[in-house]
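> Can you look at this prediction? I've put the sequence above it.
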Amino acid sequence: MSDAAASTGPDVRDVRSIPDGVELAIALPDTLAYFQGHFPGRPVLPGVVQIDWAVSLADRYLGTAIGAARNFQVKFRSIIPPGGTITLVLRRAAGDRRLLFEFRRGEDVLSSGSVRLEDAA
């Protein structure tokens, strides 16, 4: 597949409402542009893409209007290779101005983090 035909956006297959958020099933095709060259012979989904997807999908499905993650924390626990489907859990922290996110494969947490929803005054 040519680079021009490679996908860059998340392939959301299912959306489920949960308390304070949503769970999104995201397919990870080998043709995803971010896997090409990162890393040769052992492709992984880059951390910056995971943060970008969490923010952009929270904007779309939760109306957070973050735009870009400026103040965030993230913990990468396991690599995310191409193939199969992962779950992205997005929640608004109760009583706090943060978005919480987790990328999961089954019960295994692959990465997790939080993003402030507004800058401190």
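Noted; the coordinates are in hand.
> mind listing the helices for the protein?
Assigned by DSSP state H, the helices in the chain fall at 47-62.
> From Phe35, how far off is Asp59?
24 Å (Cβ to Cβ, to the nearest Å). Using the backbone N, CA and C atoms, a C-beta is placed for each residue, glycine as well.
> More neighbours: which of these two?
Comparing Asp59 with Phe35 by other Cβ atoms under 10 Å, the one with more neighbours is Phe35, at 22 against 15.
> Hmm, that one is touching Pro82, no?
Yes. With contact defined as Cβ atoms under 8 Å, Phe35 and Pro82 form a contacting pair (4.8 Å).
> Might you list the low-confidence residue ranges for the protein?
Within the chain, the ranges that satisfy pLDDT under 70 run 1-5, 119-121.
> From Gln50, how far off is Ala27?
Ala27 sits 15 Å away from Gln50, going by Cβ to Cβ.
> One more: Val22?
16 Å.
> If you count surrounding residues, which of those two has more?
Comparing Val22 with Gln50 by other Cβ under 10 Å, the one with more neighbours is Gln50, at 23 against 18.
> coming back round to it: shared neighbours of Phe35 and Pro82, anything?
Here Phe35 and Pro82 share the contacting residues 43, 45, scored by Cβ atoms under 8 Å, 6 or more residues apart in numbering.
> who does Arg105 bridge with?
Judged by DSSP bridges, the bridge partners of Arg105 are Asp108.
> Can you tell me how far it is from Arg77?
Taking Cβ to Cβ, one finds Arg105 at 11 Å from Arg77.
> And those two? Which one has more around it.
Neighbours per residue (other Cβ under 10 Å) separate Arg105 from Arg77, with Arg105 holding more: 15 against 11.
> all strands for the protein, in order.
11-18, 21-27, 72-76, 85-92, 98-105, 108-116 (DSSP state E).
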